[in-house]
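1. Structure, please.
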Amino acid sequence: MGLSDNLSFLSADVASNNIAKNNTAAPDKNSNSVSTPAVNQEINKQQEGKTKEETANEEVAKAQQMQKAQDDSIKAEQVKTEKAQDDVAKLEQIKVQKAKDDSIKAEQVKAQKAKDELARLEQIKAQKAKDDSIKAEQIKAQKAKEEFARLEQIKVQKAKDDSIKAEQIKVQKAKDELARLEQIKVQKAKVDSINAQQVKAQKAKDELARLEQIKVKKAKDDSIKVEQIKTEKAKEQIAKAEQMKAQSLVPKAAADIEKRKIETIRTVEISQDSLVFSLYDNGTVDGDTVSVLMNGKVIWPRVGLLERAINKTIYLTPEMGDTISIVLYAENLGSIPPNTGLLVIREAGRIYEIRFSGDLNKNSGIILIRKKKE
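-> Numbers count the residues shown, from 1 in each chain. Next comes the predicted model:
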């Protein structure tokens, strides 16, 4: 029996079972009938018939799946065959089309070559026309250039001729002027000689009058000068007395130098004979005053330190020796003790910044050492 006969048999069996199922009346839920053994037996039979029906349905479903799989396989083979036939037909069509395309392409290549050759010939023709035009223009330009050079040469020659002529005219004018000046000179010499004699006579007369005036004035001046000398001497005596009085009122700079200790804070090597000292207040300007001593002698008395620099040039002599002592003497403590400041030493492009501090018991000292010349 074939697969289709099996399916027909199973379909008929399932159909008969469904008819039996439909003809079986379901018990009414609303009825008041009482369950009996006969009823129970009928229910059991219905459940057994239902199990057989489900099994038959499952077998039908499996048979249908197998039939579908077989149909799908046949269909797939048919699709493959049709695709292969389509590919063969397509390849044949492509082959024919390629032959046509190759023929067309060959014709197009020939046509393009002919077109390129025509374009090349046209380009050569245009280039030749262009070259001929350029050559004609170059010939015109060369002729114009030669004509311009000729005109320039004529112009230069004319300028030279005009220059020579102008120089000749100048020379002639110079000669004429020289002759005129010589004539004037001779005439002037005569006039000058007469004037010189007159001037000499006038000078002698004026000198005589001047000497007379000097003689009178000298007598007056001698009298005035004597009075002025007396007055000047009196003024000098008064100024000297005033100076001595002022000096007696101002305390002596570095008066207690012998009583204070000197603390050396820096040693500086120098090579020049002149130094520039600059003093500043180190911080707040509070009225600090210092005196500067060199080898025990005051060289810069009572310098009030400010925010701006106070400068002094120091000249060193061989008599000072190779080691020179600089002392910064605190004359007071200012409003903010101790006495502090900044000394800047400049020497031949070198700058030394030295901060110092002092009080009424101690001074700051700096040693300058001369660098020996090689």
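
2. wouldn't Ser364 be in contact with Gly358 here?
-> Yes - using CB atoms under 8 Å, Ser364 is in contact with Gly358, at 5.3 Å. In this view, the C-beta of every residue, glycine as well, is placed from N, C-alpha and C.

3. Gln157 and Arg355: what is the separation?
-> Using CB to CB, to the nearest Å, one gets 85 Å for the distance from Gln157 to Arg355.

4. the more surrounded of the two?
-> Arg355 (14 against 10; other CB atoms under 10 Å).

5. Centre of the chain to stretch 291-308, how far?
-> Distance of stretch 291-308 from its chain centroid, counting by CA atoms, centre = their mean, to the nearest Å, is 48 Å.

6. for the stretch 251-374 of the chain, which spans come out with low pLDDT?
-> By pLDDT under 70, the low-scoring segments of the stretch 251-374 of the chain are 374.

7. Run through the stretch 101-250 of the chain and note the low-pLDDT ranges.
-> By pLDDT under 70, the low-scoring segments of the stretch 101-250 of the chain are 235-236, 238-250.

8. The host helix or strand of Glu147 packs against which elements?
-> Counting by DSSP states H and E, the element that carries Glu147 is helix 37-249. Other elements packing on helix 37-249 under the criterion 3 or more CB pairs under 8 Å, 6 or more residues apart in numbering; DSSP states H and E are helix 3-23.

9. now the helix it packs on: mean pLDDT?
-> Summarised as a single mean, pLDDT over helix 3-23 is 49.

10. any idea how far Leu333 is from Leu360?
-> As for Leu333, its distance to Leu360 is 7 Å (criterion: CB to CB).

11. Neighbours of Ala56, how many?
-> By other CB under 10 Å, neighbour count at Ala56 equals 16.

12. should've said Ser364
-> Using other CB under 10 Å, Ser364 has 24 other residues around it.

13. Could you list which residues are in contact with it?
-> Neighbouring residues of Ser364 by CB atoms under 8 Å, 6 or more residues apart in numbering: Ile262, Glu263, Ile265, Val327, Leu328, Phe356, Ser357, Gly358.

14. Put the buried members of the residues you listed into a PyMOL selection.
-> Per 16 or more other CB atoms under 10 Å, the buried members of the contacts of Ser364 correspond to this PyMOL selection:
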select buried, resi 262+265+327+328+356+357+358
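
15. Just the closest of the contacts of Ser364 to Ala149, please.
-> Phe356 (85.2 Å; CB to CB).

16. can I assume that closest one sits in a strand?
-> Yes - counting by DSSP: H, G, I helix; E, B strand; the rest coil, Phe356 is part of a strand.

17. and it, what are its bridge partners?
-> Phe356 has the following beta-bridge partners by DSSP bridges: Gly341.

18. That one contacts Glu263, correct?
-> No - in this structure Phe356 lies outside contact range of Glu263 using CB under 8 Å: 9.2 Å.

19. need the strands for the stretch 251-374 of the chain, in chain order.
-> 261-270, 274-281, 289-294, 297-304, 310-315, 323-330, 339-347, 350-358, 362-370 (DSSP state E, counting those that start in this stretch).

20. now the ones you listed as CSV including distance to Pro37?
-> CSV is the format used below for the strands of the stretch 251-374 of the chain (distance: least, CB to CB, whole Å):
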stretch, distance to Pro37
strand 261-270, 137
strand 274-281, 136
strand 289-294, 144
strand 297-304, 144
strand 310-315, 144
strand 323-330, 143
strand 339-347, 134
strand 350-358, 133
strand 362-370, 140
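
21. Of all these, which one is nearest Ala136?
-> Short answer: strand 350-358, nearest of the strands of the stretch 251-374 of the chain by CB to CB, at 79.6 Å.

22. Tell me what angle the closest one forms with strand 339-347.
-> 160 degrees (axes from the mean of the first three to the mean of the last three CA atoms, to 10 degrees).

23. ok, residues contacting strand 350-358?
-> For strand 350-358, the surrounding residues in contact (CB under 8 Å, 6+ apart) are 265-266, 268, 282, 290, 328-330, 338-346, 364, 366.

24. Kindly format the C-alpha coordinates of it as CSV.
-> Presented in CSV, the C-alpha positions along strand 350-358 are these (Å, rounded to 0.1, in the frame of the first residue of the first chain):
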residue,chain,number,x,y,z
ARG,A,350,80.5,93.4,37.4
ILE,A,351,78.0,94.2,40.1
TYR,A,352,78.2,93.1,43.7
GLU,A,353,75.1,93.5,45.9
ILE,A,354,75.9,93.5,49.7
ARG,A,355,73.2,93.8,52.4
PHE,A,356,74.5,95.1,55.7
SER,A,357,73.2,95.6,59.2
GLY,A,358,74.6,97.5,62.2
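
25. Put the buried members of the contacts of strand 350-358 into a ChimeraX selection.
-> Restricted to buried positions by 16+ other CB under 10 Å, the ChimeraX selection for the contacts of strand 350-358 reads:
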select :265,266,268,282,290,328,329,330,339,340,341,342,343,345,346,364,366
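
26. domains for this structure, by residue range?
-> Annotated domains of the chain cover 1-16+53-198, 259-370 [automatic domain parsing].

27. Out of the ones you listed, which gets nearest to Asp221?
-> Short answer: domain 1-16+53-198, nearest of the domains of the chain by CB to CB, at 33.2 Å.

28. Tell me the gap between the closest one and the middle of its chain.
-> A distance of 40 Å separates the centroid of the chain from that of domain 1-16+53-198, by CA atoms, centre = their mean.

29. for the strands of the stretch 251-374 of the chain, which one sits closest to Lys143?
-> Of the strands of the stretch 251-374 of the chain, nearest to Lys143 by CB to CB is strand 350-358, at 76.5 Å.
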